[in-house]
Every structure is written in C-alpha cells, then in structure tokens.
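sequence first, then the predicted structure:
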Amino acid sequence: MAVMPRTDGLDIPVIPIFPLCEAITPLCMPILPMSRSPLRLPHRHDLEDPVWHEMSSDHATPYIQNMTVELSRFEHDGFPLFSLWTGDKEKSRSFETWWRPYVSIGQKCDHSDLYGQGIRCSMTCRDTLCQLKGPSPPFSERLEVLRSRLDDEPRLQKDLAQLLLNELDARTGRLKERGGPFERNRAMMVRCNDEDPILPLVLLGASCGRRFYLLHHQECWDCACLRMQEDFCTVGIALGTSRFTTCDACLLDTERAEHIALEHGF
C-alpha cells in the first residue's frame, strides 16, 4: 500500500465510490521484485584541487507545474497504473508506473565537512526527466480504440495491457540504454533544488525498475553510496546540494541529455 498526501500543488481526482479521507489517498500497487546491488557506483571526484560549481535556479526543472495524479483500474486500463500529468492540457507531460515506487530514507553521518557537497558524478533532475519521450500519436489513437471496445469485448484487456507496456518501454528507451542514467547495473546521483519536482522523478524511475535513496541533509555522498548498495538502490536524490564538482564523464552525460531534450522537444 502506498499513501499519497494531498497538497495545494497536487490534484488527485478519485472515483466517488471509494471511501477516502480528505488528507490521503491509499493506492494498491504491485511491488517490484528485489534486484541486485548496483555494480557501478557514481565515480568519486578528485578533491585535491577541485573546481566547485554552485547550485542555482538555472539547474531547476522549469516545465513541471500543476501536477495531477490519475489512478487507473484493471477493469478499464488493463492493469493498475499510477499516472502523473503536469502542465496544461496542450503541453502536458505524463509520468507513469505500474510498480509501486520505492524510496529508502538516508541517515545522518559524521562527515560534516562534506554535507551538501556533490563530490561524485551526478546529473540534475531536469537532465534526467527530459530523456523521457512523449507518447506517439499512433499509440494514443490505438489506446482510445481499445478502451472504447473493452465493455463489449473484455478479452481485449490483455491487448490493452501489452500496448501500455510496449509504449512505456519505448518512451523510456533512452533512459535505459547504454550510457543512460537508468542503464542496467549503474547507480547515479541526482542533485536537486528545492524547486525541483521529486514525484515525477520517482515515478519515472519506478517504471524503469529503479529504487530510490533519499539522502539525509546531514549525510555525505560517500556514506550515501554505501547505503545505496546495502538497500539495493540505484538512484540517489540529493536535496539541498549547495555545490558540486564535475568530471569529463559528467560533462558527457550533460551533453547527451541536452541533445535528447532537443529530440523530445523540451
């Protein structure tokens, strides 16, 4: 069971027959099978003479606003699906998962001199989210046709589920391919501003089989990486990062993300 808090920036329309309280919405979702620990942790940078970069609003994700959650049902949609829509109807983005999101909470460590400092390879929340491809027009048309026929032909539920799975796999292809942030056996750090939307990131990662680790504000990145291995987490979320270092690999990841963002129209 997952529980979603209701906030001013998050709308959760629900079916009236469900007895829900005003503050929370309970969701029943399948749990992702446990995967093995990541084999490649984020590379630690040389801190002998580092070049520090300050986090600013320029690194924030500008296009995620007015979030709306849509909860689907097996009877109509093929399988339980958690969808998050952002923006207005004409320029909306959707982040969907059929797996229950998993987030492990970090712990305080003793390395106070490294709190809030990005000392390993990392990406911004924006550079990660922009690698999700938008839905294709043929998919949207096929989806509407199948849904319109479900009441008369229940056997089409299996076809609908397969269509959704195939489309989600296609949309997340650039994220999971070699060199992508969700590449198999790779762990990554995502540095976030206070303005960055964490929920879309967690849902996107869950759809790709990623388990998340939310760093404690008094936890260094070295200790976080060790605990990520212990908890089988492959994505670390570093809120409140004040400054960070980069390397050639980080710059390549950024260039790749910018190129994909142009492809996807971000």
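Thanks, I have it.

now for Glu263, how many residues are close by?
By other C-beta atoms under 10 Å, 12 other residues sit near Glu263. Where you see a C-beta, it was placed from the backbone N, CA and C, and this is true even at glycine.

correction: Glu183
17.

wait, it touches Arg174, no?
No - in this structure Glu183 lies outside contact range of Arg174 using C-beta atoms under 8 Å: 10.5 Å.

can you map out the helices along this structure?
Counting by DSSP state H, the chain has helices at residues 74-77, 125-129, 137-149, 157-171, 173-176, 198-207, 221-230, 248-264.

other SSEs contacting the last one?
Yep, that's helix 248-264 we're talking about. With contacts taken as 3 or more C-beta pairs under 8 Å, 6 or more residues apart in numbering; DSSP states H and E, helix 248-264 sits against strand 123-124, helix 125-129.

for the first one, give the mean pLDDT please.
Right, strand 123-124. Taken as a whole, strand 123-124 has an average pLDDT of 94.

give me the residue ranges of this protein where confidence is low.
Residue ranges of the chain with pLDDT under 70: 1-28, 34-35, 57-67, 71-80, 87-92.

for the residue nearest the centre of it, what are its contacts?
Geometric centre of the chain, nearest residue: Leu201, 2.4 Å, by C-alpha atoms, centre = their mean. Shown in contact with Leu201 (C-beta atoms under 8 Å, 6 or more residues apart in numbering): Cys125, Thr128, Leu129, Val190, Cys192, Val235, Ile237.

tell me which of those residues is nearest to Leu215?
Among these, Ile237 lies closest to Leu215 (C-beta to C-beta), at 6.5 Å.

surely that closest one is in contact with Leu215?
Yes - Ile237 lies in contact with Leu215 (C-beta under 8 Å); the separation is 6.5 Å.

so for these two, which sits in the more crowded spot?
Neighbour count, other C-beta under 10 Å: between Ile237 and Leu215, Leu215 has more, with 29 against 22.

measure the more buried one to Ser242 for me?
13 Å (C-beta to C-beta, to the nearest Å).

quick one: His53 from Arg256, how far?
For His53 relative to Arg256 (C-beta to C-beta), the value is 18 Å.

oh, that last question was meant for Lys133, not what I typed.
14 Å.

how close does the residue nearest to the centre of the chain get to Ala161?
As judged by C-beta to C-beta, Leu201 and Ala161 stand 25 Å apart.

right, so the helices of the chain: which one is the most enclosed?
Mean neighbour count, computed with mean count of other C-beta atoms under 10 Å, is highest for helix 125-129 among these, reaching a mean of 24.

which helices and strands sit right next to that one?
Looks like helix 125-129 contacts strand 188-192, helix 198-207, helix 248-264 (3+ C-beta pairs under 8 Å, 6+ apart).

between those, which one is closest to Thr86.
Of all those, helix 198-207 comes closest under C-beta to C-beta, at 6.6 Å.

pull the distance from that closest one to the chain's centre.
Remark: helix 198-207 is offset 2 Å from the chain centroid, using C-alpha atoms, centre = their mean, to the nearest Å.

send me it as CSV with only the CA atoms.
Output of helix 198-207 as CSV, limited to C-alpha atoms (Å, rounded to 0.1, in the frame of the first residue of the first chain):
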residue,chain,number,x,y,z
ILE,A,198,10.7,14.8,-6.9
LEU,A,199,7.5,12.9,-7.5
PRO,A,200,7.9,12.8,-11.4
LEU,A,201,11.5,11.6,-11.0
VAL,A,202,10.5,8.8,-8.6
LEU,A,203,7.6,7.6,-10.8
LEU,A,204,9.8,7.7,-13.9
GLY,A,205,12.4,5.7,-12.1
ALA,A,206,9.9,3.2,-10.8
SER,A,207,8.6,2.5,-14.3
